[in-house]
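> any chance you can model this:
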Amino acid sequence: MTCVIGYLDKDNDCVYLGGDSLGSNGWTKTVYKQRKVFHSKDTDNLIIGLSGTFNFQALEYEKLFDELELLKDKIDREYLITKFVPKLREIVNKYNANTNKNSLNQMEGELLFGYKNQLFQVQCDYSLLEPSIGFNATGCGYQVALGSLYTTKDTDLSIEDKIVKALEASEALNEGVQRPFYIVNTKNKEIREIK
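Numbering: from 1, shown residues only. Here you go, the predicted model:
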């Protein structure tokens, strides 16, 4: 279940994340109050979006980055691979958010995160990716969302509106996506809710 979208705003030098609110075990579904997109405890300039187990929400309360690293304008790829990914793996295992409880090699889901003006994806095998197209999506609604984002990328719509349209398309065409939608960004603490 889930659709989480990340979008790099080059004009305003920030990143937006938007996500839905549905949770499911495969047989039943419920809309939850817990948001899948949020600001990190580390800094207002770091936002995280989650797909997969709700145990990932521990990431909202755990420190993920060294304070000195967050003083930089950009997070270095070497730092992300050698420091951030091992810290993420530690937290995932601490809160039982790994797929196979006997294996530390797979997360039960994926995450998107934005830091200032950088957008990244961490796949379930801890691969770290940075989309060249400037947007990405994860969760069961990701394909519909990416199609929508691609068709609106060159329009005059605001980035928030592009995200809302992609979430609406995912909601309309996928049983695993449902409102309310939430949008956060790396430039301020604002949380936009779309009912």
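> where does the prediction get shaky in this structure?
For the chain, the stretches flagged by pLDDT under 70 are 99-104.
> enumerate every residue touching the residue nearest in space to the middle of it.
Nearest residue to the geometric centre of the chain (Cα atoms, centre = their mean): residue 49, 2.2 Å. Counting by Cβ atoms under 8 Å, 6 or more residues apart in numbering, residue 49 touches 4-6, 17-19, 36-37, 111-113, 138. Every residue, glycine included, has its C-beta placed from N, CA and C.
> find the nearest non-adjacent residue to it, please.
Leaving aside its sequence neighbours, residue 49 sits nearest to residue 4 (Cβ to Cβ, 6 or more residues apart in numbering; 3.8 Å).
> and the one you found, how far from residue 94?
Between residue 4 and residue 94 the computed distance is 22 Å (Cβ to Cβ, to the nearest Å).
> which other residues reach the helix or strand hosting residue 90?
Per DSSP states H and E, residue 90 falls inside helix 85-94. Under the contact criterion Cβ under 8 Å, 6+ apart, helix 85-94 has outside partners 56, 58-59, 62, 64-65, 97-98, 104, 107, 122, 126, 128.
> just among the residues you listed, which is most surrounded?
Counting neighbours by other Cβ atoms under 10 Å, residue 107 leads these with 25 neighbours.
> for the residue nearest to residue 49, give me phi and psi.
The phi/psi pair for residue 4 (degrees, to the nearest 10) reads phi -120, psi 130.
> for it, give me its contacts.
Listed by Cβ under 8 Å, 6+ apart, the contact set of residue 4 reads 17-20, 36-37, 49-51, 111-112, 137-139.
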